[in-house]
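Q: Here is my input, please return the structure:
(4 chains, ligands or ions: 8)
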Number of protein chains: 4
Amino acid sequence: MYDSITIKGNIVLPTEVLFDSYLTISNGKITSISKEKQDDSEIIDATNQYILPGAIDAHVHCYSSMLEGFSNATKSAAAGGVTTIIEMPYDADKLICTQALFEEKKILLEQEAVVDVAMLATIAPKDGLYQIPLLAESGACGFKVSLFNTDSVRFPKIDEGELYEAFKEIEKTGRPVGVHAETDSIVRKFIDNYADEGENNPSAHCKSRPKVAESTAALTVMELAHYTNAKLHLYHCTFPRIFDLVDYYKSQGTNVTAETCTHYLTLCEDDMERLKAKGKINPPLRSAKDMVDLWELLRHDRIDMVTSDHAPWTIDKKQATDIFSNSSGAPGVEVLLPILYSEGVAKGRISIVQLVKVLSDNPAKHFGLGHRKGKIEVGYDADIVILDPNEKWILDETKMYSTARWSPYEGMAMQGKVKRTFVRGKEVYNGKVIGQLGDGIFINAIHGSEL
Amino acid sequence: MYDSITIKGNIVLPTEVLFDSYLTISNGKITSISKEKQDDSEIIDATNQYILPGAIDAHVHCYSSMLEGFSNATKSAAAGGVTTIIEMPYDADKLICTQALFEEKKILLEQEAVVDVAMLATIAPKDGLYQIPLLAESGACGFKVSLFNTDSVRFPKIDEGELYEAFKEIEKTGRPVGVHAETDSIVRKFIDNYADEGENNPSAHCKSRPKVAESTAALTVMELAHYTNAKLHLYHCTFPRIFDLVDYYKSQGTNVTAETCTHYLTLCEDDMERLKAKGKINPPLRSAKDMVDLWELLRHDRIDMVTSDHAPWTIDKKQATDIFSNSSGAPGVEVLLPILYSEGVAKGRISIVQLVKVLSDNPAKHFGLGHRKGKIEVGYDADIVILDPNEKWILDETKMYSTARWSPYEGMAMQGKVKRTFVRGKEVYNGKVIGQLGDGIFINAIHGSEL
Amino acid sequence: MYDSITIKGNIVLPTEVLFDSYLTISNGKITSISKEKQDDSEIIDATNQYILPGAIDAHVHCYSSMLEGFSNATKSAAAGGVTTIIEMPYDADKLICTQALFEEKKILLEQEAVVDVAMLATIAPKDGLYQIPLLAESGACGFKVSLFNTDSVRFPKIDEGELYEAFKEIEKTGRPVGVHAETDSIVRKFIDNYADEGENNPSAHCKSRPKVAESTAALTVMELAHYTNAKLHLYHCTFPRIFDLVDYYKSQGTNVTAETCTHYLTLCEDDMERLKAKGKINPPLRSAKDMVDLWELLRHDRIDMVTSDHAPWTIDKKQATDIFSNSSGAPGVEVLLPILYSEGVAKGRISIVQLVKVLSDNPAKHFGLGHRKGKIEVGYDADIVILDPNEKWILDETKMYSTARWSPYEGMAMQGKVKRTFVRGKEVYNGKVIGQLGDGIFINAIHGSEL
Amino acid sequence: MYDSITIKGNIVLPTEVLFDSYLTISNGKITSISKEKQDDSEIIDATNQYILPGAIDAHVHCYSSMLEGFSNATKSAAAGGVTTIIEMPYDADKLICTQALFEEKKILLEQEAVVDVAMLATIAPKDGLYQIPLLAESGACGFKVSLFNTDSVRFPKIDEGELYEAFKEIEKTGRPVGVHAETDSIVRKFIDNYADEGENNPSAHCKSRPKVAESTAALTVMELAHYTNAKLHLYHCTFPRIFDLVDYYKSQGTNVTAETCTHYLTLCEDDMERLKAKGKINPPLRSAKDMVDLWELLRHDRIDMVTSDHAPWTIDKKQATDIFSNSSGAPGVEVLLPILYSEGVAKGRISIVQLVKVLSDNPAKHFGLGHRKGKIEVGYDADIVILDPNEKWILDETKMYSTARWSPYEGMAMQGKVKRTFVRGKEVYNGKVIGQLGDGIFINAIHGSEL
Ligand SMILES: [Zn+2]
Ligand SMILES: [Zn+2]
Ligand SMILES: [Zn+2]
Ligand SMILES: [Zn+2]
Ligand SMILES: [Zn+2]
Ligand SMILES: [Zn+2]
Ligand SMILES: [Zn+2]
Ligand SMILES: [Zn+2]
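A: Ligands and ions are numbered 1, 2, ... in the order given. Down below sits the predicted model:
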């Protein structure tokens, strides 16, 4: 019987690939990386395959649909090479804005998760700022807020004045604050206009949320971050100008990061007619040119992370004729890594090291998980994915683990396949999900001076 | 009897000073500028004095107090070397947001003004955008709007969605849109906080309107201008960061200008205790360092205009103990040019050519008056000021023409004095105001392709 | 019998990779690229292998050693996946600075080359500028000059005054002028200092050519380009600051490109003790940090080309104890593509699309070959390389085709191997060189308005 | 009898002007600055006149013509409001490149100077670097070198290799190194071309020294400064691009300053026909547009200093028909301040504070005199100029104190006149020069850590 296991293959380190090398795992940790086999441990032969750090999907909504939950979302994650998800605080039935609710959700997590989970908290629209230090104490990896009033109860807008105060409180915790950045009054005005005129076909969704709604909101929160010194993250940025504005703030020393999502890299408004409500996502799909330009930014290291914004609506929420009557969002945690590999690395647009940076290294660092996750390094959690760069396959929505059972990427031709996934040394996927509910644990975020 | 008059002195042209030269006026226009006397016209000897183009105060509220009106405000202007004012559309009793109201005010103007007047219009908070082309047709030199809800009726906030639509309409007219940029929800939140805590001393006013309220609003409207291509003007900018942000947008090709006001260059929050409500102005006075830094920006040509934001409240509006219960603003049209000369040119901080640029040339150009006003050039309106650079005097609020009868600058030691003011060749001030009601006319703005 | 051949594999286009696709060649040209097989032509199955455009090595000295010549250098090229070389005008026995000598060398080329060849000309140090238009007429793809006096006859410095005149003449031809940029007086001074002090060990070579010698020379010629509008290329740039300076000039609109070489990406001054004179190259190897930083620049698309600076000295020129008594340079055309693939793409530092940009697309465009070479596109020359990304091998200097028979990279562990090379549709390498002398042709450069 | 004297007027401080204030002098130092008279000292009434710190002309050649010497050059200085000159080390009969020669010249200085003098040293073209610390020890305020070989003995080029070593040595002393920046080989080439073609009319001088000669040399020495950390000064920069390049280096942290001269601000190549050899100056006069643009740079604080490059050739050196046979340079120390006031301040192009910055404050700081000279501040040397801003006069070359007895500015209409000059409290000019030989002293420069 073996104490440890060793995987042989092309190991993707933070700055380069080690060919034909050996990675040894013991007690859930990476214990050696070398050109030679170190001991007599069991060998997994992954020659000519990549050994990657597990992806960290920093944007997952396990409970936007109560059917999904940690159990299904994390199975889907495991199958997609995602070894840690960062869970959003907007549950279908409640806002996770108090320590009590946060702790309760943590208990659920430890019972149901198959991969590891870090959790965001949010704040109540009024009188809730005193909970911020308590939520940090409970290990929230950050705070999520919105400038768009998705739903006054379930996903409310926080007014700018309140937000300014919130940023000051959050800054004291060292945690990042992430924002859904769309200016409510612009989107409202436009949706009303389209409603008044009865224009409710799929592409009306894109037109009703103009780019300026996204950029004005992004500017507002970056300016708040500039004044409060809070660590800011911009979720789901959809077009290049946002990243230009982010770079302007970075050049001033503002602590800001920004992500885009799989769908903005691979789908665009021209797909709306085909996808119908399956393409209804907030913010909306943009132009074909934006899609191409986002790849250029990614190639130039100007995008900090790529996430899925996994929103596992069942198909009945996506079948209204009036596009505005459908839910927004799409499932995606299971295809984040495969699509970024296939469309990015295999198609020669980005290097494998860049993929690891935006899927593992950066999300770990920015959300306080960098002390144990995000890279292949001795002493780190053995969150490992084996990916075969040569295997070709067709993306099939019926084979996915999310309860959604549909995908906007249905039928996509893929190159490169996740073969096995390990979470802290335990194999959770080997072609099918073999991890158990409870295999995943809550990851306590550690920020700044706590390190 | 003379057909024309000739003034001899140091003539301030747009890029340099002509010493001991002769400027001739005929039929209200400048007809010659030369080193030699051209004809036998009457001579005004202003040797060793400056002959300046009249100042254009782009920010005057004649009717914030109904007592003031065009008659008193323009007398005050004449006495201060201001030969054209740009009148705001926020009258104490109504918003100038329809063609009818605009035309009515024009009639009043032609009866009561002593110097020339151009007029801004505004828009109703809802359903008023169709008036924009009509107001342009009536000769509005631009549109003024606010992101701060000073008063829901008299001076309302326009929501961002509505504003985006308004910018698109205004852009079609070629007119600029000027904005009072303070984010309402931040100011509200802070005023409420101070009210709750009973902190209502003078400096609480400054604290209740943090810089971030001003910068977030400025960013929002610059972003709208970026997307709509509208010509934007930012009123009363109070600290350097705003001008940095403006330069960032200018570097992207956005059409934006920004002004500061006399008070931000000469007063600061440390003066609040002394000035009390006389120093209550929106946005508020900032730090002593900001004041010094604004001069540096002015010296580097990074501020487009300086204005007075003339708000001629009578003293009874400035005597409440609770700082928040006082009106905001201060009179200033009469001291705009003298203070900028004394504190700027005489103190060696800026050159006389720079003064003319920010007080005459730039305001004329940006507000569509550049075809006849803003510089000393043959063919231009003979709007002329004679200023003695050596005369010293003490600023005395009791001698001013505004009905306010008080000044935040009371007692200031001044160097350089306006001796005579001419509007289209007619002398309106020679130590006292000698112009008549009706001497001033409405100036029809001409923009872009209309030229 | 087949009219045409079809290769199936992963085709590397200028902006992305097409998986499992078919490339058809007919009459030396690429005739189709598609997802489906187009006709019944012979199939070469390169599934899971890359189909690349042939590399263009823009910096090859076939005649620095007369033993090498076109025949050996181009065999070496063929074996390394280089389908076009750009030949330097500094032959061991003469400067190619007249039309007569250029035409004579072209004849030799057509007899002896195995792959295609474009040729640079140079100018005589004095009184030779009238030859510039004649050399352009003969199809020189550009001009090469030096600010370092390698050898007064064979490789002379052109003085700055003469160079300024030369740039003006060259500009008229639309051809680029490439420069060996090291300031002669600085290098001379330092070599003399080391000679005086008897310090002549291998690393003395690096110290005798300080970075400032390279940067001052680069600045001088970029400034000449700025004033003359000449198209400038900087050869063999060795450290990041040079590329920063290049970007500064690019931002001003100066037409300048810059290359680095294989050795600056993989070797450094710490290797001098091991390599001895084999590491003596001008400019010299720099620090280990520079080497790492050059990869970062390459990843950010800030380096236009990578070349070999192939200098095939026989080993007897590399055996003097006094480092200064050895010849400078090393052979490299055969390993340019394999090393950039192995160290760059396979190690995850750059993407395959970036490799093609710096090895094929950019050199073709900048040197006037972009009308027929540099990318896989229908109608282009069928210069094709098949590369197996998975094959591992050890670099062995005894197996190379250059007459040098040594390599500074001896023993390097490689991933990825060139399997077959085609020049205009004719296979010239299939594991061994099978091309014949005369298979290569002279490529007439076409620049700017000639297109 | 009075211990001290007090001057009443408008005192120009480093950042603003104090009106109608009192400056008291005692024992050669400024002892008080105040709004009120402090004691019963004698009063000089300069009401409505400026009280300026004496100008520091950082670029004076007292001995390019042996007739001039310290005595005449410093009388000329006193008459022009220059209270300190910085003397060049290129005497007609010798290079001041050794401590012995430097000390000898210091003795002469103390006997003959009427105003204060700081002195530069130079280095021998070969084998002279060991003198650098000795010259610093003797109080040299900096080192001057040239990249143009004006004269192999009297004013030689230092080769780039030697210069690099010199910069390293000079850096250790904390002293600045100033450079005459023209690339010798370019100027040589062009002069030869014009000579060959017999084109030797006045404007041929301008054409023979193209801008690229100046900019390439400036770049070379800035790059040397970048690598050695030496404090660099660029003398007599003639066109805007040089200042752009300087700003690029400043933005990188390189310690570099740059001056322009009176003549580049007021004369241009179009004046050559009129001026003939009187306009022959190195580097040459440039275009009318450059002249205008330099004023813009000055206004934006982008030029560190303005100097005269006083070269007091007698008229016989300026009468050859062949322009190339004349000496280069023109006298100017006496008109530096008057011209900058008249053309700059009086014409409204710059403010009086800016004039003081470029004529007094900056030269003092950069050349190690800032501990006692360059501004009006209590404790500083009482180097004072009284200037009447209103007086008009015509520049008359026959009234000047230099032995040159001619001026390129002859007949210029001036506004603003120097009325009185004080050096360390002693009046040296009151309409005529009343200072005595020996009134001036050597000023020992103090740099960096010596302070
Ligand atoms: Zn969202
Ligand atoms: Zn989301
Ligand atoms: Zn306002
Ligand atoms: Zn106002
Ligand atoms: Zn070379
Ligand atoms: Zn070479
Ligand atoms: Zn010089
Ligand atoms: Zn000089």
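Q: before we move on, could you check phi and psi at the residue of the stretch 1-150 of chain A found nearest chain D?
A: Nearest residue of the stretch 1-150 of chain A to chain D: residue A:15, at 26.7 Å (Cβ to the nearest Cβ). Using the backbone N, CA and C atoms, a C-beta is placed for each residue, glycine as well. Backbone torsions for residue A:15, taken as degrees, to the nearest 10, come to phi -120, psi -10.
Q: Can you tell me which residues in chain A are near chain B?
A: Residues of chain A lying close to chain B (Cβ under 8 Å from any Cβ of the partner chain) are A:159-162, A:164-165, A:183, A:185-190, A:210-212, A:215-216, A:219-220, A:223-224, A:226-227, A:248.
Q: rewinding a little: excluding chain neighbours, what is closest to the residue of the stretch 1-150 of chain A closest to chain D?
A: residue A:353 (6.3 Å; Cβ to Cβ, 6 or more residues apart in numbering or on different chains).
Q: What of residue A:220?
A: Distances taken as Cβ to Cβ, 6+ apart place residue B:216 nearest to residue A:220, at 4.9 Å, with adjacent residues excluded.
Q: list the helices and strands the helix or strand hosting the one you found packs on?
A: With elements taken from DSSP states H and E, the one containing residue B:216 is helix B:211-228. Helix B:211-228 is packed against helix A:211-228, helix B:160-173, strand B:176-180, helix B:184-196, strand B:231-234, helix B:240-251, with contacts defined by 3 or more Cβ pairs under 8 Å, 6 or more residues apart in numbering or on different chains; DSSP states H and E.
Q: Now mean pLDDT, distance to residue D:233 and mean neighbour count too, for the ones you listed, in a markdown table please.
A: Listed next are the helices and strands packed on helix B:211-228 as a markdown table, based on pLDDT from 0 to 100; distance: least, Cβ to Cβ, whole Å; neighbours: other Cβ atoms under 10 Å in any protein chain shown:
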| stretch | mean pLDDT | distance to residue D:233 | mean neighbour count |
| --- | --- | --- | --- |
| helix A:211-228 | 98 | 38 | 25 |
| helix B:160-173 | 98 | 50 | 22 |
| strand B:176-180 | 98 | 45 | 26 |
| helix B:184-196 | 94 | 49 | 18 |
| strand B:231-234 | 98 | 40 | 26 |
| helix B:240-251 | 98 | 30 | 18 |
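Q: Reformat the ones you listed as a markdown table; add distance to residue D:324.
A: Listed next are the helices and strands packed on helix B:211-228 as a markdown table, based on distance: least, Cβ to Cβ, whole Å:
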| stretch | distance to residue D:324 |
| --- | --- |
| helix A:211-228 | 60 |
| helix B:160-173 | 60 |
| strand B:176-180 | 57 |
| helix B:184-196 | 70 |
| strand B:231-234 | 55 |
| helix B:240-251 | 46 |
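Q: so which of the ones you listed gets nearest residue B:333?
A: strand B:176-180 (17.1 Å; Cβ to Cβ).
Q: ok, the closest one near chain A or not?
A: No: Strand B:176-180 is not in contact with chain A by Cβ under 8 Å from any Cβ; minimum separation 13.3 Å.
Q: show me the contacts for the closest residue to chain D within the stretch 351-451 of chain A.
A: Nearest residue of the stretch 351-451 of chain A to chain D (Cβ to the nearest Cβ) works out as residue A:357 at 28.1 Å. Residue A:357 sits next to A:14, A:301 when contact means Cβ atoms under 8 Å, 6 or more residues apart in numbering or on different chains.
Q: Make sure it is indeed in a helix.
A: Yes: using DSSP: H, G, I helix; E, B strand; the rest coil, the assignment for residue A:357 is a helix.
Q: quick one: the helices in the stretch 351-451 of chain A?
A: Secondary structure of the stretch 351-451 of chain A (DSSP state H, counting those that start in this stretch): helices at A:352-356, A:362-366.
Q: actually the stretch 201-350 of chain A, not the one I typed
A: Using DSSP H, counting those that start in this stretch, the helices found in the stretch 201-350 of chain A span residues A:202-207, A:211-228, A:240-251, A:262-266, A:272-275, A:288-299, A:336-339.
Q: In TSV: the ones you listed, plus distance to residue C:398.
A: What follows is those, written out as TSV (distance: least, Cβ to Cβ, whole Å):
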stretch	distance to residue C:398
helix A:202-207	63
helix A:211-228	60
helix A:240-251	51
helix A:262-266	47
helix A:272-275	59
helix A:288-299	39
helix A:336-339	43
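Q: Phi first, then psi, for the closest residue to chain C within the stretch 201-350 of chain A.
A: Closest contact between the stretch 201-350 of chain A and chain C, by Cβ to the nearest Cβ, is at residue A:348 (3.7 Å). Listed backbone geometry of residue A:348 is phi 80, psi 10, with angles given as degrees, to the nearest 10.
Q: Perfect, I'm done here.
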